[in-house]
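Asks: sequence plus the predicted model coming up.
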Amino acid sequence: MQPTATVRHASTTDPWSDEQTRQHLQVLVEGVAVLAGFEQSAISLRRGDEFEVVAGAGEGVVENIVGRRLPHHVVEGELAKADHWDAWRFVPHDRVGDEVLEYSHVPTAAEIDAPDAWHPLDLLTAPVYDDDGVLRGLLSVDGPQDGLRPGPERLALLQKYAGLARTSVLLALEREDLSRRVQMADEARQIVRSALGEPSLDLVLEACRAGVTRSFGAVGMWLTAFDEHDRTTTAWYAVDSEAEPLFSEIDDVVLALAHRYWADQYVAQFSRSRSVHPGLPAEDAQQLLGFLDRIGIGSVLFVPMGAGPQCLGFLALSRVSDTPAWTDLEKEAALDIGRDLGRAVANARALEAERSLVDELRQLDGYRVQLVNTLAHELRSPLFSVSANLELIESEALDPEAQRCLSAASRGTARMKSVVEDLLTMAAIADPQREFVPERVDLRQVLTDVSEECSPAAVARQQNCRLDVPDGPVWCDGRPEELHRMFANLGSNAIKYSDEGGDIDVRLVEEPQEVRISFSDSGLGISEEDQARLFEEFFRSTNPDAKARPGTGLGLAIVERIARRHSGRIEIESKLGVGTTMTVVLPRPSGSGAPAVTA
């Protein structure tokens, strides 16, 4: 009788079932069947609480036996009442229990009339035990070709096959375990690396902790990260547990170990039977063991984390007991994960420092904006008073010297008012708290309005101004008042720094992804040295001719900031004594408001 089962079929993708292992087991069962004189033979491997038939030889065996499973308690029950024939166990048909019959395949065979005749329900199997005495597999035979129970000569041959079966079964299970651990270690690596795209270490751990714990066959994990002063931050995860251990009580021990083990690239398998490790005094080992006992952990894989030469923390994977032992493959995979998580810690630190710096800069910007606003508003009132009084004085009859002084004061007041207005504009567009809510703007209309606004100043200087824009609307997403101010500044600059009778050209050109607005003049031009600082606040050209013309040094700084707020940029082409072209490049809007560009 061959034990079988009707519970379920085994998967054809079991990790042990590589070609070499299958061939070894198949050769074994075929050899015992042919050379020991049996019609059928089979090998079963233990899978948890069941035995799976993984190889067989003989008519009907593959169809009826291979791939099926037998409960462990049924096997143990039959072995308990079997006769011991050296390495084999024989259960005569009259002792076979009803329960095992439910999981058995009984071949069709004619019985012979003899005292030692083989009965179809007889059971002959060689149990395979590992070095710890755990039952790991079975080699079974059935249907002796002569119809008789095996005699001494045949039992001696079967004894040899029992030894071969033990070697083959334990090797198959070892290969299975190795393959499974390789697969799980690779899976853990992939889980961590796929989680590294998360923006923070907490999210990285949340995305990978359950998968890593499962892949290593662990019951929990914790990760402790260090800062440059060895201050610690710990995140932990445990299967079916919510009570967080007091990790701080072992910080003094593990901090030094992590630094040493990162330098050595050493992974420590720590348990009561493996408590001796480099750099770990016996009293510290006892402290760690006491901590593990209190949290119900029997074995820990201690993995240093870091990036480059710097240790950034450690990862600890835990199991309830010391078996199975952590393999070299698992240690290697865990160290890879320690390197990956070390990079995640380094990235999280960099992002945290960057966010802190951004916050500080935002606070400084806010303080500067507040200061500028306060100063500008405080200057506005006295300037208004001065300007009003100067206007009253102008209505009086004054001698030429007084009139000259009054004109100078009026020009100075006007210049100060211009500075105050530019300061308020600069503060408004630089305010980090000011929300930017764009709307659809027709750039053609904005440029037309700016041209009409600047025209009197150009006419007064007898300059030739030309506006070249498309016939239809040209759309942009932005703030109309800011775009108007940007173009007005560029237009007034072109007029101011061009001589009388000069040429000024303004062009609006649509491109597939961008809109280009250029202001070209035939004026003074700008040196390369000045171009590098042109958009700095309060910068004035080093050219004496340019310095002689009034300005606040804020106009182009305002232009550059408005362009940047609109996701645009400024391009400069200039040559001293020849002229300057300032080009604002803005993105075309997406959506239905933007007309298609045609060739």
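Replies: That came in fine, so what should we check first? Just so it is clear, the structure is predicted and the values come from calculations on it, not from any experiment.

Asks: can I get the helix or strand Arg444 falls within in CSV, CA atoms only?
Replies: Per DSSP states H and E, Arg444 falls inside helix 443-460. Output of helix 443-460 as CSV, limited to C-alpha atoms (Å, rounded to 0.1, in the frame of the first residue of the first chain):
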residue,chain,number,x,y,z
LEU,A,443,-0.2,89.9,-24.2
ARG,A,444,-0.9,91.7,-27.4
GLN,A,445,-3.3,94.0,-25.6
VAL,A,446,-0.9,94.6,-22.7
LEU,A,447,1.9,95.6,-25.1
THR,A,448,-0.5,97.9,-26.9
ASP,A,449,-1.4,99.6,-23.6
VAL,A,450,2.3,99.9,-22.6
SER,A,451,3.2,101.4,-26.0
GLU,A,452,0.5,104.1,-25.7
GLU,A,453,1.7,104.8,-22.1
CYS,A,454,5.3,105.2,-23.2
SER,A,455,4.7,107.0,-26.4
PRO,A,456,4.8,110.6,-25.0
ALA,A,457,8.3,110.1,-23.6
ALA,A,458,9.5,108.6,-26.9
VAL,A,459,8.0,111.5,-28.9
ALA,A,460,9.6,114.0,-26.6
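
Asks: which residues in the stretch 401-550 of the chain form strands?
Replies: 439-442, 464-468, 475-478, 503-510, 514-521 (DSSP state E, counting those that start in this stretch).

Asks: scratch that, the stretch 251-400 of the chain is what I was asking about
Replies: With DSSP E, counting those that start in this stretch as the criterion, the stretch 251-400 of the chain has strands spanning 268-271, 299-307, 310-319.

Asks: show me what contacts Asp449?
Replies: His484 (CB atoms under 8 Å, 6 or more residues apart in numbering). The way it works is simple: take the backbone N, C-alpha and C, and place the C-beta from them, glycine included.

Asks: quick one: distance of the helix holding Arg444 to the chain centre.
Replies: On the basis of CA atoms, centre = their mean, to the nearest Å, helix 443-460 sits 53 Å off its chain's mean C-alpha point.

Asks: let me have the strands of the stretch 251-400 of the chain in a markdown table, extended by mean pLDDT and mean neighbour count.
Replies: As requested, the strands of the stretch 251-400 of the chain are arranged in a markdown table below (pLDDT from 0 to 100; neighbours: other CB atoms under 10 Å):
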| stretch | mean pLDDT | mean neighbour count |
| --- | --- | --- |
| strand 268-271 | 94 | 22 |
| strand 299-307 | 94 | 24 |
| strand 310-319 | 92 | 24 |
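
Asks: rounded mean pLDDT for the helix holding Arg444, please.
Replies: The predicted model gives helix 443-460 an average pLDDT of 92.

Asks: got the angle between it and strand 503-510?
Replies: Using axes from the mean of the first three to the mean of the last three CA atoms, to 10 degrees, the direction of helix 443-460 lies 180 degrees away from that of strand 503-510.

Asks: hmm, back to that, could you redo the strands of the stretch 251-400 of the chain as JSON lines and give each row distance to Gln183?
Replies: Listed next are the strands of the stretch 251-400 of the chain as JSON lines, based on distance: least, CB to CB, whole Å:
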{"stretch": "strand 268-271", "distance to Gln183": "20"}
{"stretch": "strand 299-307", "distance to Gln183": "18"}
{"stretch": "strand 310-319", "distance to Gln183": "17"}
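
Asks: to Asn489, which of these lies closest?
Replies: The minimum distance between Asn489 and the strands of the stretch 251-400 of the chain falls on strand 299-307, with 47.8 Å, by CB to CB.

Asks: let me know the angle separating that closest one from strand 310-319.
Replies: Using the same axes, to 10 degrees: strand 299-307 against strand 310-319 is 160 degrees.

Asks: strand 299-307 - contacts with which helices or strands?
Replies: helix 251-264, strand 268-271, strand 310-319, helix 328-394 (3 or more CB pairs under 8 Å, 6 or more residues apart in numbering; DSSP states H and E).

Asks: buried deepest among these, which one?
Replies: strand 310-319 (a mean of 24; mean count of other CB atoms under 10 Å).

Asks: CA atoms only for that strand, dumped as PDB, please.
Replies: Coordinates of each C-alpha in strand 310-319 appear next as PDB, following Å, rounded to 0.1, in the frame of the first residue of the first chain:
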ATOM      1  CA  GLN A 310      29.500  57.200   7.800                       C
ATOM      2  CA  CYS A 311      27.400  55.000  10.000                       C
ATOM      3  CA  LEU A 312      23.800  56.300  10.200                       C
ATOM      4  CA  GLY A 313      22.100  53.700  12.400                       C
ATOM      5  CA  PHE A 314      21.200  50.000  12.400                       C
ATOM      6  CA  LEU A 315      18.400  47.600  11.500                       C
ATOM      7  CA  ALA A 316      17.400  44.700  13.700                       C
ATOM      8  CA  LEU A 317      15.300  41.800  12.400                       C
ATOM      9  CA  SER A 318      13.900  39.500  15.100                       C
ATOM     10  CA  ARG A 319      12.700  35.900  15.400                       C
END
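
Asks: what's the closest of the helices and strands packed on strand 299-307 to Arg549?
Replies: helix 328-394 (22.0 Å).

Asks: so for the closest one, mean pLDDT?
Replies: 73.

Asks: for stretch 402-416, same thing?
Replies: Per-residue scores along stretch 402-416 average to 73.

Asks: from here on, call the first residue 47.
Replies: Fine by me, first position is 47 from now on; the one you just mentioned is stretch 448-462.

Asks: so how far is it from its chain's centroid?
Replies: 64 Å.

Asks: returning to that earlier point: ok, which of the helices and strands packed on strand 345-353 comes nearest Pro327?
Replies: It's helix 297-310; of these, that one is closest to Pro327 (CB to CB) at 8.9 Å.

Asks: give the other helices and strands that the closest one contacts.
Replies: strand 266-272, helix 328-340, strand 345-353, strand 356-365.

Asks: okay if I get the ones you listed as TSV plus distance to Asp140?
Replies: Shown next, in TSV, are those (distance: least, CB to CB, whole Å):
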stretch	distance to Asp140
strand 266-272	52
helix 328-340	52
strand 345-353	48
strand 356-365	46
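
Asks: quick one, which of these gets closest to Val520.
Replies: Using CB to CB, these put strand 345-353 closest to Val520, at 50.2 Å.

Asks: pLDDT weak spots in the stretch 97-246 of the chain?
Replies: For the stretch 97-246 of the chain, the stretches with pLDDT under 70 are 146-157, 227.

Asks: tell me where it has helices.
Replies: 107-110, 118-126, 144-147, 198-241 (DSSP state H, counting those that start in this stretch).

Asks: state the distance from Ala504 to Arg531.
Replies: Distance, Ala504 to Arg531, by CB to CB, to the nearest Å: 18 Å.

Asks: list the contacts for the closest residue to Phe84 other than its chain neighbours?
Replies: Once flanking residues are discounted, Phe84 sits nearest to Val187: 4.3 Å by CB to CB, 6 or more residues apart in numbering. Residues near Val187 by CB under 8 Å, 6+ apart: 78-79, 82, 84, 86-87, 170-171, 204.

Asks: give me the subset of those residues lying in strands.
Replies: Of the contacts of Val187, the ones assigned to strands by DSSP state E are 84, 86-87, 170-171.

Asks: switch these over to CSV; also include neighbour count.
Replies: Shown next, in CSV, are those (neighbours: other CB atoms under 10 Å):
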residue, neighbour count
Phe84, 24
Gln86, 24
Ser87, 27
Leu170, 26
Thr171, 25
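
Asks: next, count neighbours for the closest residue to Ala101 other than its chain neighbours.
Replies: Leaving aside its chain neighbours, Ala101 sits nearest to Leu71 (4.0 Å; criterion: CB to CB, 6+ apart). Neighbour count of Leu71, defined by other CB atoms under 10 Å: 25.

Asks: quick one: contacts for Leu71?
Replies: Taking CB under 8 Å, 6+ apart, one finds 89, 100-101, 214, 218 in contact with Leu71.
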